[in-house]
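Chemist: A predicted structure for the sequence below; I have some questions about it.
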Amino acid sequence: MEEINKIRLTKFFKERFDANFNKLVEFKQEHGHVVVSKYYPDKVLFNWYYNVKRYYSAHLLPKEFIERLIEIGVVFEKARSPLYDNALEKNLTLLEQAIQNGEQVKCNHRYSFNGHRLGTFLVAISQANKKGKHLEVRKRIEEMGFNFEITARDYQTAIKRLTNKLRNDPNPKPRKVSYIQMFEKQLLPHRLKYASKQIREFNDVWFERFGTKRRWYKIDRVNRWNKFRYNTEKNPNGKWYASAADMGGNLWHYAYARRTGRVNMEPIIDRFTVEELYELYNEGFPLGNQLHLFSHLILKN
């Protein structure tokens, strides 16, 4: 990293300040902001903008220069680096392209566009806005046509969005498991925050589409799994993993996901005894770093 005491304000920079400042004013008139990206064709203007930030960070930028720059909108808060500005402009350019291409842009970490984590960028801006930061960036994003409120993952928006998604799905039954997962992840943790009217509306739509009632509490599947293991009538072999017909569809899917490693066993590892862990290991369940808990049993066999 460049040391501040090695930076020098050049005579050339001072002499060319007015000319470059006027170019920045023209840039703002054309683009609506004063952040010059490294991807901008005029490299002279970018290099000058980059040096402005360097000199400000080193406390070398004359006060009259600072005042003129602030007046046209240049942000010096915490000496925001040109690298940050470059990343910001790149994400904003990608966002604009996505919107123009008719993409369903989403404000969540899973959304990407052209290999870039554009959703993570939007989440960061949304979280910063809650602290009163980057409001000017939010304004630019909304001017492009993106609505944070529609795609936000707050609990009130989530129940409206999932209710409408289910209502408008032409054939939701093949995706019932996916809808259950969305319900348990997005709505269930906030069940006490919803009005009874909202819950009734969602339940009505759920029953209409699937023909079953929607429970608003999470089933303790580990407890159900344990009961199945020791049910001598349904499970005479005393196994943790059997057919879907014997276990029941929901419990079988739960066990299958953990046996294949699609879902990690570690969060529920403390719900089993050492002997039960050994049985699970023997049936092919991946237990990862927890093997040391019953390694002495394995060595005996």
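Modeler: Right, received. Where do you want to start?
Chemist: residue nearest the centroid of the protein?
Modeler: Most central in the chain under Cα atoms, centre = their mean is His109, positioned 2.2 Å from the mean C-alpha point.
Chemist: Could you tell me the model confidence score at it?
Modeler: For His109, the model assigns a pLDDT of 73.
Chemist: which SSE is it in?
Modeler: Following DSSP states H and E, there is no helix or strand that holds His109.
Chemist: mind checking how far it is from Glu283?
Modeler: As judged by Cβ to Cβ, to the nearest Å, His109 and Glu283 stand 34 Å apart. Every residue, glycine included, has its C-beta placed from N, CA and C.
Chemist: same deal with Leu162?
Modeler: Relative to Glu283, Leu162 is positioned 36 Å away (Cβ to Cβ).
Chemist: With adjacent residues omitted, what lies nearest to the residue nearest to the centre of the chain?
Modeler: Thr120 (5.1 Å; Cβ to Cβ, 6 or more residues apart in numbering).
Chemist: For Ile66, see how far away Ala195 is.
Modeler: Ala195 is 52 Å from Ile66, by Cβ to Cβ.
Chemist: the more surrounded of the two?
Modeler: Ile66 (15 against 10; other Cβ atoms under 10 Å).
Chemist: what's near enough to touch that one?
Modeler: Applying Cβ atoms under 8 Å, 6 or more residues apart in numbering, we find Ile66 in contact with 56, 76.
Chemist: which element is it on?
Modeler: Going by DSSP H and E, Ile66 is part of helix 63-71.
Chemist: Off-centre distance for that helix?
Modeler: Here the centre of helix 63-71 is set off from its chain's centre by 38 Å, with Cα atoms, centre = their mean, to the nearest Å.
Chemist: Show me what counts as buried in that helix.
Modeler: For helix 63-71, a neighbour-count test (16 or more other Cβ atoms under 10 Å) marks 65, 68-69 as buried.
Chemist: and the residues you listed as CSV, adding distance to Asn47 and pLDDT?
Modeler: Below are the buried residues of helix 63-71 laid out as CSV (distance: Cβ to Cβ, whole Å; pLDDT from 0 to 100):
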residue, distance to Asn47, pLDDT
Phe65, 16, 90
Arg68, 19, 87
Leu69, 16, 86
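Chemist: Report pLDDT for Val36.
Modeler: With respect to pLDDT, Val36 scores 85.
Chemist: What of Gly261?
Modeler: For Gly261, pLDDT reads 83.
Chemist: and what of the one 10 residues further on?
Modeler: We note a pLDDT of 83 for Arg271 in this prediction.
Chemist: likewise Lys197?
Modeler: pLDDT, Lys197: 90.
Chemist: in what helix or strand does it lie?
Modeler: Element membership for Lys197 (DSSP H and E) is helix 196-210.
Chemist: Identify each buried residue in that helix, please.
Modeler: 201-202, 205-206, 209.
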